[in-house]
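A.B. asks: take a look and give me a structure for this.
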Amino acid sequence: MVEFSKRSRILHATSIDVLGQGTSIIGASGFGKSSLAIKLIAMGANLVSDDQTLFEYKNGKIFLSRPETSPRAIESRGIGLIALPNIKKTELFYFIELTNKVTDRLPRMVTRICFGKSIQLIPFNPKSGNEAALFLRLRYGLIDDL
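C.D. replies: Numbering: from 1, shown residues only. Okay, here's the model as predicted:
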């Protein structure tokens, strides 16, 4: 569950930034958060943090950043820790929740509450092979977002 109310908290999540909009990838340990982030980074996203993300609530906005104890790198299983530049801080706009369920063809919008704010949640099945469409959705939005 994503809901929490303190002003800052570290969450087991990998976070990226696409054109100034932060996205935090959540899901069970070993489910592919870093792998998805690597694919999205290869398409143009920027790394914020891998494995752990600091969430901070300030002036009505939620910011994502890399905890000081985390390396400026992303882990790739079987490859190692890949050194990457990272965005220092970005505002949270989306959660991507990894799931093994088949997602609807045209899913309805779902949100999660984080620091009392409603944040769009995008369910994503890593086995779908739809990473390019997910990147385009993060970059350009959906017709309903316009």
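
A.B. asks: just the pLDDT at the nearest residue to Leu98 once chain neighbours are set aside, thanks.
C.D. replies: Spatially, and ignoring its direct neighbours in sequence, Leu98 is nearest to Gly27 (3.1 Å; C-beta to C-beta, 6 or more residues apart in numbering). To be clear about C-beta, it is placed using only N, CA and C from the backbone, and glycine gets the same treatment. In the predicted model, Gly27 carries a pLDDT score of 94.

A.B. asks: then the strand ranked longest in the chain to PDB, C-alphas only?
C.D. replies: Under DSSP state E, the strand in the chain containing the largest number of residues is strand 89-98. Extracted in PDB, the C-alpha atoms of strand 89-98 (Å, rounded to 0.1, in the frame of the first residue of the first chain):
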ATOM      1  CA  LYS A  89      14.600  15.800  -7.400                       C
ATOM      2  CA  THR A  90      11.400  15.600  -9.400                       C
ATOM      3  CA  GLU A  91       7.700  16.100  -8.600                       C
ATOM      4  CA  LEU A  92       5.600  12.900  -8.400                       C
ATOM      5  CA  PHE A  93       2.900  12.600 -11.100                       C
ATOM      6  CA  TYR A  94       2.500   8.800 -11.500                       C
ATOM      7  CA  PHE A  95       2.900   5.500  -9.900                       C
ATOM      8  CA  ILE A  96       3.500   2.500 -12.000                       C
ATOM      9  CA  GLU A  97       2.400  -0.700 -10.200                       C
ATOM     10  CA  LEU A  98       3.800  -3.900 -11.500                       C
END
